[in-house]
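S.K.: what follows is a predicted structure for the sequence shown.
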Amino acid sequence: MKNVAIVGCGAYMDTGYGCPGEWRCLKAAALGQGKFEEPVKVVAFHTCHCPGRNTAPNLGMAVKLSEVKPDAVYLSSCLANAKPGCPHSTPLEMAEIITAKTGLPVILGTHDYH
């Protein structure tokens, strides 16, 4: 079973802008739905807080120190598909920064639930 880390948008989750929190991401991961090709094990969940400076360094440290390392990082649907989008970076920019820091592939989005 593939191990994954998920990064969620703190602004969406904390203020209720259409994302009730990480349960939708965790459900999709457990059932292999949405962007997950098969059921996976979520070994880390990180909340990105504006302006996002801590996200890549924290993921990098977690990957370096963790005994259970993720095989990939998923940017949550609330982060990857936000309307309006993040004022600090695009999902593609964030994915590139995370990959550069961790060496892991980054998938944009987790689920298609409404």
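M.R.: Received it, and whenever you're ready, just let me know what you need.
S.K.: the helix or strand of the chain with the lowest mean pLDDT: which residues count as buried?
M.R.: Scoring the helices and strands of the chain by mean pLDDT, DSSP states H and E places helix 10-15 at the bottom, with a mean of 79. Buried residues in helix 10-15, counting neighbours by 16 or more other C-beta atoms under 10 Å, are found at 10-13. Any C-beta I mention is one placed from the backbone N, CA and C, and that applies to glycine too.
S.K.: run the chain-centre distance for it.
M.R.: 13 Å (C-alpha atoms, centre = their mean, to the nearest Å).
S.K.: now Phe45, what's its secondary structure?
M.R.: Secondary structure, DSSP: H, G, I helix; E, B strand; the rest coil: Phe45 is strand.
S.K.: do I have it right that it meets Val4?
M.R.: No. Using C-beta atoms under 8 Å, Phe45 is not in contact with Val4, being 9.6 Å away.
S.K.: who has more neighbours, the two?
M.R.: Val4 (22 against 16; other C-beta atoms under 10 Å).
S.K.: can you confirm that one is in a helix?
M.R.: No. Counting by three-state DSSP, one finds Val4 to be strand, located in no helix.
S.K.: who does it bridge with?
M.R.: Beta-bridge pairing for Val4 (DSSP bridges): Val42, Ala72.
S.K.: mind checking pLDDT for it?
M.R.: Looking at Val4, its pLDDT stands at 96.
S.K.: how far away is Glu93 from Met1?
M.R.: Distance of Glu93 to Met1, computed by C-beta to C-beta, to the nearest Å: 30 Å.
S.K.: send the alpha carbons of the least confident helix or strand of the chain over as PDB?
M.R.: C-alpha atoms of helix 10-15 as PDB (Å, rounded to 0.1, in the frame of the first residue of the first chain):
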ATOM      1  CA  GLY A  10      -5.700  26.200   6.400                       C
ATOM      2  CA  ALA A  11      -7.800  29.200   5.300                       C
ATOM      3  CA  TYR A  12     -10.500  27.000   3.800                       C
ATOM      4  CA  MET A  13     -10.500  24.500   6.600                       C
ATOM      5  CA  ASP A  14     -10.300  27.000   9.500                       C
ATOM      6  CA  THR A  15     -12.900  29.500   8.100                       C
END
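S.K.: appreciated, that's everything.
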